[in-house]
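Asks: Okay, here's the prediction I keep looking at, along with the sequence it came from:
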Amino acid sequence: MDHFAIVTAFGQDRPGIVALMADGLYQLGCNIEDTCMTRLRGEFTMMLMIRLPEGIDAETLGNRLTPYTTPLDLAVLCRSLPDQAAARQAALEVPTFMLSVYGADHPGIVAQVARTVAQQGGNITDMNTRVIGSGEVPVYVMVLEIQLQDAQQADPLRQALEQLKPLLGVDLTFRPLESVTF
């Protein structure tokens, strides 16, 4: 039976981080299944779902990765995944939407948007945020991918999001994505 782990690594951004992690995992007999990687200003962070080889658990993997991660001063966390969490699901067509938020940067934007999505039964499956513009006039940009159980949930969510616009002082764009199959 296959066993899986989630590996999170982060550190100062520099060339070679992805190559180093990929090579280390390969040398240890791991298979990289799914990844999400990004740079947050000067920091690089990655999450990887790894299929573990026989005889290595998540804790052992973390220890064996140390020689690969130390040269780039990466912090690494490894956690076992329950088999059901790592299992590939049958392809389902899921109503998926994109939400873009732009406005003056201030605390609470993410919390209020995320709360509204959750209250309307939406599942945020991907989110990216950035503060852009000058230091004097920062603009907050947030892009979310949201899945709904049923496409009919879209109108109530759209209405709830519209009510946030004046409260948060932001512009919101909510639109369906083309059919997505997972």
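Replies: Looks like it arrived, so ask away.
Asks: Distance check, Leu161 against Met49.
Replies: 31 Å (CB to CB, to the nearest Å). For every residue, glycine as well, the C-beta is placed using N, CA and C.
Asks: I'd like the average pLDDT over stretch 161-174.
Replies: Across stretch 161-174, pLDDT averages out at 96.
Asks: gap between stretch 156-172 and the chain center?
Replies: 23 Å (CA atoms, centre = their mean, to the nearest Å).
Asks: Please disregard the earlier target; I meant stretch 28-45.
Replies: On CA atoms, centre = their mean, the centre of stretch 28-45 falls 11 Å from that of its chain.
Asks: Can you tell me what sits against the helix or strand containing Arg158?
Replies: Using DSSP states H and E, Arg158 sits in helix 154-168. Identification of contacts with helix 154-168 by CB atoms under 8 Å, 6 or more residues apart in numbering yields 95, 97, 99, 101, 103, 108-109, 112-113, 116-117, 119-122, 146, 148, 170-172, 174, 176.
Asks: Mind checking which of Leu161 and Met49 has more residues around it?
Replies: Leu161 (22 against 17; other CB atoms under 10 Å).
Asks: and the more buried one, how far is that from Val143?
Replies: Counting by CB to CB - Leu161 and Val143 are separated by 14 Å.
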